[in-house]
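>>> Generate coordinates for the sequence data below:
(3 chains)
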Amino acid sequence: MPDLLKAYPREFYERHAPAVARDLLGAVLCRALDGERILSGKIVETEAYTAYDPACHAFRGRTPRTAVMFGPPGVAYVYFIYGMYFCLNVVTEPDGVPGAVLIRAVDSRGCDGPGKLCRQWQITGRENGVSLMSPASGLWICPGSPVPDRGVLTSERIGISRGQEHHWRYFLKDHPAVSGRAHGKRASGR
DNA sequence: GGGCCGATTGTT
DNA sequence: ACAATCGGCCCG
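Below you'll find the model as predicted:
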């Protein structure tokens, strides 16, 4: 049984976003609410966003909203979208290089979708910029059970209009929490 | 200041 | 297929 208080260190996040997105499958997202209750769930769907990627919020440079994506890795990038929802990302890449991984779904009730996950676990703009490398922030990520390539599919990212040449969506094959009809190709070994 | 669009979701 | 709902960002 994995230790739910031992979070991934900075080195895990200080890599190219697609690699982090792939390796976050099977990891455990943890959330402390009311300073007492701890929620946790296996990450089952992610998407990577990088510099020189027209789908990335940071593509057109640093702005107040995207500032944390240009900072050190291992912290949360939470943004507000469609006037209703928040989305949780993990900042990746070395300090100064923008990049992030969107957490799209977690194996926990009501966490099937990035907007629903944040609503269910009360993740809002207050969590923007907090460290995910320690339980102290109330939001952190721990290693779980490694997922073999044969259990992973990839596809274009969801809901974007540019950058579809990159197949940077990663998800667990046949998991009920993943978006839509889970169309995808087998992950290639690295 | 104006206008358009969006890494979503739920309903028609 | 479309509405809900509003901050970010570009333009001027």
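>>> and chain A, which of its residues are near DNA strand C?
Proximity of chain A to DNA strand C, by CB under 7 Å from any atom of the strand, involves residues A:His57, A:Arg60, A:Gly61, A:Thr63, A:Pro64, A:Arg65, A:Thr66, A:Phe80, A:Tyr82, A:Gly83, A:Met84. The way it works is simple: take the backbone N, C-alpha and C, and place the C-beta from them, glycine included.
>>> Which positions in stretch A:74-89 come out as buried?
For stretch A:74-89, the neighbour count (16 or more other CB atoms under 10 Å) marks A:Gly74, A:Val75, A:Ala76, A:Tyr77, A:Val78, A:Tyr79, A:Phe86, A:Cys87, A:Leu88, A:Asn89 as buried.
>>> Buried by neighbour count: which residues of whichever strand or helix holds A:Glu45 qualify?
Using DSSP states H and E, A:Glu45 sits within strand A:37-50. Residues of strand A:37-50 classed as buried by neighbour count (16+ other CB under 10 Å): A:Leu39, A:Ser40, A:Gly41, A:Lys42, A:Ile43, A:Val44, A:Glu45, A:Thr46, A:Glu47, A:Ala48, A:Tyr49, A:Thr50.
>>> circling back: mind putting the residues of chain A next to DNA strand C into JSON lines with secondary structure and pLDDT?
As requested, these are exported to JSON lines (DSSP: H, G, I helix; E, B strand; the rest coil; pLDDT from 0 to 100):
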{"residue": "A:His57", "secondary structure": "helix", "pLDDT": "98"}
{"residue": "A:Arg60", "secondary structure": "helix", "pLDDT": "95"}
{"residue": "A:Gly61", "secondary structure": "coil", "pLDDT": "95"}
{"residue": "A:Thr63", "secondary structure": "coil", "pLDDT": "97"}
{"residue": "A:Pro64", "secondary structure": "coil", "pLDDT": "97"}
{"residue": "A:Arg65", "secondary structure": "coil", "pLDDT": "98"}
{"residue": "A:Thr66", "secondary structure": "coil", "pLDDT": "98"}
{"residue": "A:Phe80", "secondary structure": "strand", "pLDDT": "98"}
{"residue": "A:Tyr82", "secondary structure": "coil", "pLDDT": "98"}
{"residue": "A:Gly83", "secondary structure": "coil", "pLDDT": "97"}
{"residue": "A:Met84", "secondary structure": "coil", "pLDDT": "97"}
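>>> Any buried residues in stretch A:9-23, and which?
Quick answer for stretch A:9-23 (16+ other CB under 10 Å): A:Phe12, A:Tyr13, A:Glu14, A:Ala17, A:Pro18, A:Val20, A:Ala21, A:Arg22, A:Asp23.
>>> Neighbours of the closest residue to A:Ile160 other than its chain neighbours, how many?
Leaving aside its sequence neighbours, A:Ile160 sits nearest to A:Ala55 (CB to CB, 6 or more residues apart in numbering; 4.2 Å). Per other CB atoms under 10 Å, the neighbour tally for A:Ala55 reads 20.
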